[in-house]
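Colleague: What follows is a predicted protein model with its sequence.
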Amino acid sequence: MRRILVSEARNDFSNLLNQVAFKNKSVLIRRNKRDMAALVPLENIRKYLLEIEKALDFEALHRSLRRGGRTSLKKALEKSGIDADSKR
C-alpha cells in the first residue's frame, strides 16, 4: 500500500481518487510520520463489512448453541452465508 503525505494528497486528490476507484489501489495518508487516514476502494470496504457480519453472525450462533439453543443445520448454514440447498 502506497503512503503519501497529507500535502501530496491535497495537491493530487483527484488523481488519487481515480487510482483508488478505477485501479483498485489503496493509499495511506500520513502526517507527522503517523498514518492518519486511508483511501480504499469501496468494493474492498463492502467485502470487509460482509466478512465482519458473517463472523458476528457465526459468533452469535455459537453462543446460542453453547447456552443450549437449538437450530437446524440449514438455518445455521444460512446464517453463515452458505446456501444449504446448492448442489455442488
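Modeller: Now that the structure is in, tell me what you want to look at.
Colleague: which helices and strands sit right next to the one helix or strand N15 maps to?
Modeller: Using DSSP states H and E, N15 maps to helix 13-23. On a contact count with 3 or more Cβ pairs under 8 Å, 6 or more residues apart in numbering; DSSP states H and E, helix 13-23 meets strand 27-31, strand 34-39. C-beta coordinates here come from the backbone N, C-alpha and C atoms, glycine included.
Colleague: Dump the C-alpha coordinates for that helix into CSV.
Modeller: Provided in CSV are the C-alpha atoms of helix 13-23 (Å, rounded to 0.1, in the frame of the first residue of the first chain):
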residue,chain,number,x,y,z
PHE,A,13,-6.6,14.3,-4.6
SER,A,14,-8.4,13.9,-8.0
ASN,A,15,-5.7,11.6,-9.3
LEU,A,16,-5.5,9.6,-6.0
LEU,A,17,-9.3,9.1,-6.1
ASN,A,18,-9.1,7.8,-9.7
GLN,A,19,-6.4,5.4,-8.7
VAL,A,20,-8.4,4.1,-5.8
ALA,A,21,-11.7,3.9,-7.7
PHE,A,22,-10.6,2.6,-11.1
LYS,A,23,-7.3,0.9,-10.5
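Colleague: Tell me the buried residues in that helix?
Modeller: Buried residues in helix 13-23, counted by 16 or more other Cβ atoms under 10 Å: L16, Q19, V20.
Colleague: Just put those in JSON lines and tack on pLDDT.
Modeller: Listed next are these as JSON lines, based on pLDDT from 0 to 100:
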{"residue": "L16", "pLDDT": "95"}
{"residue": "Q19", "pLDDT": "95"}
{"residue": "V20", "pLDDT": "95"}
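Colleague: Many thanks, have a good one.
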